[in-house]
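Visitor: please work out how this folds:
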Amino acid sequence: MTERSAAHATFVIVRDYPASPRRVFRAFSDPQIKALWFEGEDGWTVLEREMDFREGGYERSKGRWSNGVVSDFRCTYFDIVPEERIVFAYDMYVDDAKISVSLTTVEIAPRAGGTRLTFTEQDVFLDGFDDAGGRERGTAELLDRLGEALAKQPQGA
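Guide: The predicted structure follows:
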């Protein structure tokens, strides 16, 4: 019998981007733009990607790492205020085992020269999965890649 447990963590990451709130919001809401930054690093192969960006909508991003491990992000959107806020919850799976459930709030605010993004995540890591800060580091890397994707897009895009 599997021993059940729940370990909790919360983190906040703040990033300033030299892009308008509209462009930052689109990087989360437009599937083509999100695909430019929201995926694994080199050696990660997309197995499934779908997105229905609306309150009550669903997103899934499933892929295989070069070592054969499969990760699966399954998200539901609960609150969307265009160019200001996105609230979603997601389950994370590794090789079909649910490892966590998370609630995330993305706040988008104008600032001089661009946008301040505040990303707050509350996690429950399940049944002995030991994260040791990996989720926060991985999210920080994704938000860095978001900045790179925004820099590559024309300002009017």
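
Visitor: for the one helix or strand residue 27 maps to, name the packing helices and strands.
Guide: Residue 27 belongs to helix 21-29 when assigned by DSSP states H and E. Judged by 3 or more CB pairs under 8 Å, 6 or more residues apart in numbering; DSSP states H and E, the packing partners of helix 21-29 are helix 31-34, strand 85-94, strand 97-111, strand 114-126, helix 134-152. For the C-beta atoms, the positions are set from N, CA and C on the backbone; glycine is no exception.

Visitor: could I get it in CSV with only the CA atoms?
Guide: Provided in CSV are the C-alpha atoms of helix 21-29 (Å, rounded to 0.1, in the frame of the first residue of the first chain):
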residue,chain,number,x,y,z
PRO,A,21,0.7,44.4,-20.6
ARG,A,22,-1.3,43.5,-23.7
ARG,A,23,1.8,41.7,-25.1
VAL,A,24,2.5,39.9,-21.9
PHE,A,25,-1.1,38.8,-21.5
ARG,A,26,-1.1,37.5,-25.1
ALA,A,27,2.0,35.4,-24.3
PHE,A,28,-0.2,33.5,-21.9
SER,A,29,-3.5,33.6,-23.8
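
Visitor: now what about it, what contacts it?
Guide: Helix 21-29 is contacted from outside by 17, 33-34, 37, 53, 80, 82-84, 86, 106, 108-110, 115, 117, 146, 149-150, 153, 155, 157, using CB atoms under 8 Å, 6 or more residues apart in numbering.

Visitor: filter those residues down to the buried ones and express that as a ChimeraX selection.
Guide: Filtering these down to the buried ones (16 or more other CB atoms under 10 Å) takes a single ChimeraX command:
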select :17,33,34,37,53,80,83,86,106,108,115,117,146,149,150
